[in-house]
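> After the sequence you'll find the predicted model.
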Amino acid sequence: MVLAEHGQSAPRRHRWWLVSISTQWALLLALALSATLFAAPVLAEGEQRRELVVLSWGGAYERAQQRALFEPFTEATGIAVRVEEYDGGIEELREAVTQGNAPWDLLDMTRSSARAACAEGLLEPLSTSILSPAPDGTSVGRDFLEGSLGRCWFTHSIFATVVAYRRDAFPGRRPTRIADLFDQQRFPGPRALQRTPAANMEWALLSYGVPRQELYRLLSTRRGLALALARIDDIDPLHWWVEGEEPVSMLAANQVVMASGYNGRFFTAMVEQNLPIEILWDGQIQEHEVWAIPRHAEGAEVARQFIGFATTTDRQTALANLIPYGPSRHSAILQVSTHPDHGVDMRLHIPTHPLNAERAVRLDDDWYASTYRRVGDYFRAALLEKEGSSVPPQRGGE
Amino acid sequence: MDAGGTTRGESRGVAGMLRFLGLVMLGGVIGGLAAGLAAGFVSLVLWLNDVLLISARGRMMFANAEILALATLLVPALGGLVVGQLHRAIREQRPHGPADAIAAVQTRRGRLPFRAGALSALSGLVSLGCGASVGQYGPLVHIGATVGSLGARLLRLGRSDDNVTIACGVAAVIATAFHAPLAGIVFAHEVVLRHYALRAFAPVAAAAIVGHVISTNVLSWGALFHVAETALPRPWEFGIFVIIGALGALVAGGYMHAILAVGRCSARLSLRPSLRPAVAGLGLGLVALWVPDILGMGRETLRFATISGAFGGIELAVVMLLKIAATALCLGMGFGGGVFSPALLIGTLFGALCGTLAGNLGFAEDTFIFYAVCGMVAVTAPVIGAPLSTLLIIFELTGSYVLTTAALASVTLASPIAAQLFGRSLFDIQLASRGLDLSAGRNLAVMKSARLKSLLSQDCATLSPSLSVGAAVEELGGSGHAEAHLVDAQQRYRGTVTLAQLETMRRKGQSGSSLKDCPRIPRPVLCPDTSVWTAMQHMQEVSGEALAVVDDKGTDTFLGVVHETSIARAFLNYSEELRQEEHGVG
């Protein structure tokens, strides 16, 4: 049957402009069918393995994963989950895979790292057949957010870089647009931004009224870069932060009135430390957090089984109820409710909730992958090493 | 067109209704096809731009500056080389465009050739993909029109239906490419059909809807021109918008004439026509090393031009002039492509220039985008001769009613001034230079383009000039005609004599004199390629039953006659067909 699918689509390929879509679907279908056909016996082999080794980020994030994903998985399958911590990057993975013995079965990584690793052939290819459809029957392809399903990675959560402000800083008004970050007349006071171009450049260009769909095209021109850098340069006083915890403490110490940072950290500060801060969701920069399997991982089949389990609507919802990271499925986003411990409405805190995501920017990790160094150079030259002119870009992109 | 042939009775009742519904369905199908092709075309252009290092994103993501500079020089030049070879395969040696679709519809002369259409689309694709400073909507419109014409031809429909299906294809591509179904419908009526018959409206609307559905649901590329909500202009600023419109008409005229002038100059170059685009591409690449904004469609530049402060005033003027020059160079030297996208950019730069000036005088602080958009429509509407469509495009692209009213203020003067000074649109100017004048309306255009050949008749009396008057009277009297055409042994036409004239001579006793000696009233002669319109003009000067037709090779060979009654009947038939196409309800 699978062969028949291929056989039908092949002779039509000379008219690819007419049939390319249907051919793709046929191939997908064929892949899906072959995967389901061959999945069963392999799973049986996998049952001999009683442990899954996961590489993840640690901290509060890992604790939430334990409660929402790892423990229920062990309960359902009898397979124990052991977690090792790391802080991103793919160097270790590259080393392990080239030596042929990756010590982990499953990786929790950012999409940009996963893209790079996938391109280098460090990851196992994944088939969407291991994912289950939404409870209402919506297919995987329609239920997952756009850009969530890669060749060797699947997005499980979406975190955001956002701006937070002190509620007590601007009596009688509050910032509603990302442009307000740069408007020190209406919203006076010091700001803190991360010492990297990412997010800052996007926000600066958004403040000119540029639509978010055009950001990276415009940032690809000298003019766009110059406009963005000029906007950031206008902020005075401006503090730079490096560690993720710094913006929270600067806001707490009233050293700045607005700061960029990660939405999870701000959530903890707001809910658990009761800081008088608020997140400005407008212009939030979303990044994907994905599951991936190292090449030749011993427990690859168990890892596949786990990915299927952890990405169900139910488990995604459970995780998002514990930490404010947005699920990657529409069906789960709509089911997020309150934190099981302190009853905080988590919907207001996850990046992908429709209320927050109205004007979200999706980080173009593809673009950053090939421009990071140059954009970083312009950024440093214009803002950090203030000698000489502040008009940075040499002839680079344009 | 067959002699203004028989007129089909207006079909009414159930059969007519079904036939009409069939046409609407056909409109939808053609809309789907055209929209699919348009979507593929646009995606391919974007992909080529990324791969060939033309788009800003593609250039930025490519780190090596030397190779980038080399690509800037070589890609347009090599593209030009390919385009030049493609054009050699087209009969007219040039790409077809919207003007050809308009001519086919306006003259009811007929079908758009498929081969030339496909080659023109390919030429547009290569031109745009390689970064030539041309527009993508011209090729898209022609693709839509060709698909529509092909549909009508395959189903063996009549000319009126052919015209409607051409309009369907055009509406669908505009609806797809701009996400603007209303603009698509109006554009098809305003520019291509030039009438608003109910009979055409329904199929065109069906096509536009299908195109719109495809563009919003199946494809997910964003709209062309998002605009964040803006401040309201102050009342007196509308006065400035009107003035921008008037000045924009002049910019539009300059732009159109620059294109035509380069075209004339390049025709005088001693360079082979197929190599001209390559030279233009090389020139474009050289300037683009310095000002990359002029490469391709300039989508990024268009956006920056709407941001106050992104350009300095002088910079705006320089980029605008360079863009005009680059587009004139590319189109004039033979790249395939449209005039619309460059006009959008030139207009926006012009509007931004006005906005910057106004800003320096203390106006236009938060209303900068209004100035940019006013400039945009003021230049674009005259170039394509479509004020309503342009307004609707602005409306559907921005979703802003305030912006649309500002644009309306601007287009109020722009279109009429440009029409007075330069002509209805660049398409009309091009057609006029090819001998098709649409300025006096469609009726005239049809009459001027309809040829006499099909009205030619052999039903006439011919006499040899050597015959005597007496014999001629006998012969003519028996033929039942009141006039005879003198044709010599070499079949050459020697004039026309009337029975009354011969009779008078006979009474005067000149029966014996030869026909070639008798006085003849000078009568106009016609050629098979004379237009019905010219024949009508001659008919006013002559009273007689028929005009002689000779071949146009200068040998005066007699081919037959055209009866005055058949000229009059042809005129009435053409008028009736137009009336049916434009005012029939189905």
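Yep, that arrived. This one's a predicted model, so the numbers in the text were calculated from it and none came from an experiment.

> pLDDT weak spots in the stretch 1-150 of chain B?
Where the stretch 1-150 of chain B drops to pLDDT under 70, the residues are B:1-12, B:110.

> How about the residues of it by chain A?
Contact residues, the stretch 1-150 of chain B versus chain A (Cβ under 8 Å from any Cβ of the partner chain): B:G40, B:S55, B:A56, B:R57, B:R59, B:M60, B:M61, B:F62, B:A63, B:A65. Just so you know, the C-beta spots here come from the backbone N, C-alpha and C atoms, and that holds for glycine as well.

> The spatially most central residue of chain A pairs with what?
Centroid-nearest residue in chain A: A:H288, 1.7 Å away (criterion: Cα atoms, centre = their mean). Beta-bridge partners recorded for A:H288 (DSSP bridges): A:I158.

> before we move on, the earlier item: out of the residues of the stretch 1-150 of chain B next to chain A, the closest to chain A would be?
Distance to chain A, by Cβ to the nearest Cβ, is smallest for B:M60 among the residues of the stretch 1-150 of chain B next to chain A, at 3.1 Å.

> Burial check on that closest one, number of neighbours?
Here the count is done by other Cβ atoms under 10 Å in any protein chain shown, and B:M60 has 26 residues near it.

> what's the answer for A:N274, then?
Residues near A:N274, counting by other Cβ under 10 Å, number 8.

> Same check on A:D234?
By other Cβ under 10 Å, 11 other residues sit near A:D234.

> List phi and psi for the closest residue to it other than its chain neighbours.
Closest residue in space to A:D234, ignoring its immediate chain neighbours: A:F182 at 6.7 Å, by Cβ to Cβ, 6 or more residues apart in numbering or on different chains. Dihedral pair for A:F182: phi -100, psi 0, per degrees, to the nearest 10.

> close enough to count as contact, A:F182 and A:I235?
Yes - between A:F182 and A:I235 there is a contact under Cβ atoms under 8 Å: 6.4 Å.

> Quick one: residues contacting residue 105.
I'll assume chain A. Counting by Cβ atoms under 8 Å, 6 or more residues apart in numbering or on different chains, A:D105 touches A:L52, A:V53, A:V54, A:I293, A:P294, A:A297, A:E298, A:G299, A:A300, A:V302, A:A303.

> oops, I was thinking of chain B
B:N163, B:I166, B:A167, B:V192, B:L193, B:R194.

> Out of these, which comes closest to chain A?
Using Cβ to the nearest Cβ, B:I166 is the member of those that sits closest to chain A, with 22.1 Å.

> hang on, the closest one in a helix?
Yes - assessed with DSSP: H, G, I helix; E, B strand; the rest coil, B:I166 lies in a helix.

> Nearest residue to the residue positioned nearest the centre of chain B in space, ignoring adjacent ones along the chain?
Central residue of chain B (Cα atoms, centre = their mean): B:A99, 1.9 Å from the mean position. The shortest distance from B:A99 to any non-neighbouring residue, by Cβ to Cβ, 6+ apart, is to B:F427 (4.1 Å).

> B:V242 against B:T412, yeah?
Yes - here B:V242 reaches B:T412: they are 6.1 Å apart, a contact under Cβ under 8 Å.

> if we can go back for a sec, check the residues of the stretch 1-150 of chain B next to chain A for burial and list the buried ones.
Listed as buried from those are B:G40, B:S55, B:A56, B:R57, B:R59, B:M60, B:M61, B:F62; burial here means 16 or more other Cβ atoms under 10 Å in any protein chain shown.

> which of these lies closest to A:Q213?
B:R57 (12.3 Å; Cβ to Cβ).

> What about the residue in the stretch 101-250 of chain B that chain A sits nearest to, how many residues nearby?
The stretch 101-250 of chain B approaches chain A most closely through B:H226 (3.6 Å), counting by Cβ to the nearest Cβ. Around B:H226 there are 16 other residues, counting by other Cβ under 10 Å.

> Same question for it, what's its three-state structure.
Secondary structure for B:H226, judged by three-state DSSP, is coil.

> what pLDDT does the spatially closest residue to B:W533 that is not a sequence neighbour get?
Among residues not flanking B:W533 along the chain, B:M447 sits closest, at 3.8 Å (Cβ to Cβ, 6+ apart). At B:M447, the pLDDT value in this model is 80.

> Now name the helix or strand holding B:M447.
Assigned by DSSP states H and E, B:M447 belongs to helix B:442-449.

> In terms of secondary structure, what does that helix contact?
When contacts are defined as 3 or more Cβ pairs under 8 Å, 6 or more residues apart in numbering or on different chains; DSSP states H and E, helix B:442-449 packs onto helix B:98-107, helix B:532-541, helix B:564-583.

> Could you pull out the helices in the stretch 451-586 of chain B for me?
With helices called from DSSP state H, counting those that start in this stretch, the stretch 451-586 of chain B shows them at B:469-479, B:499-507, B:532-541, B:564-583.

> Let's have these in CSV, adding mean pLDDT and mean neighbour count.
CSV is the format used below for the helices of the stretch 451-586 of chain B (pLDDT from 0 to 100; neighbours: other Cβ atoms under 10 Å in any protein chain shown):
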stretch, mean pLDDT, mean neighbour count
helix B:469-479, 83, 17
helix B:499-507, 85, 16
helix B:532-541, 82, 16
helix B:564-583, 82, 17
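
> which residues sit in contact with B:S160?
B:S160 makes contacts with B:R108, B:R199, B:E577, B:Q580, B:E581, B:G584, as judged by Cβ under 8 Å, 6+ apart.

> Compute the distance between the fifth one and B:S127, please.
Note on B:E581: its distance to B:S127, by Cβ to Cβ, to the nearest Å, is 34 Å.

> burial count for B:G554?
Residues lying near B:G554 (other Cβ under 10 Å) number 7.

> Name the helix or strand for B:P203, please.
According to DSSP H and E, B:P203 maps onto helix B:198-213.

> counting contacts, what elements does the helix or strand following that helix pack onto?
Per DSSP H and E, the first helix or strand lying C-terminal to helix B:198-213 is helix B:237-268. Where contact means 3+ Cβ pairs under 8 Å, 6+ apart, helix B:237-268 is packed against helix B:313-332, helix B:340-360, helix B:368-384, helix B:401-421, helix B:426-433.

> if we can go back for a sec, list the contacts of the helix holding B:P203.
Contacts of helix B:198-213 (Cβ under 8 Å, 6+ apart): B:20, B:23-32, B:34-35, B:38, B:160, B:163-165, B:167-169, B:171-176, B:179-182, B:184-185, B:188-189, B:193, B:581, B:584-586.

> Next, the buried residues of it.
Across helix B:198-213, burial judged by 16+ other Cβ under 10 Å covers B:199-213.

> Out of those residues, which comes closest to B:L70?
Relative to B:L70, the closest of those is B:G211; by Cβ to Cβ it sits at 39.3 Å.

> quick one: A:P135 and A:H330 touch, right?
No - taking contacts as Cβ under 8 Å, A:P135 lies outside contact range of A:H330: 11.6 Å.

> the more surrounded of those two?
Neighbours per residue (other Cβ under 10 Å) separate A:P135 from A:H330, with A:H330 holding more: 17 against 13.
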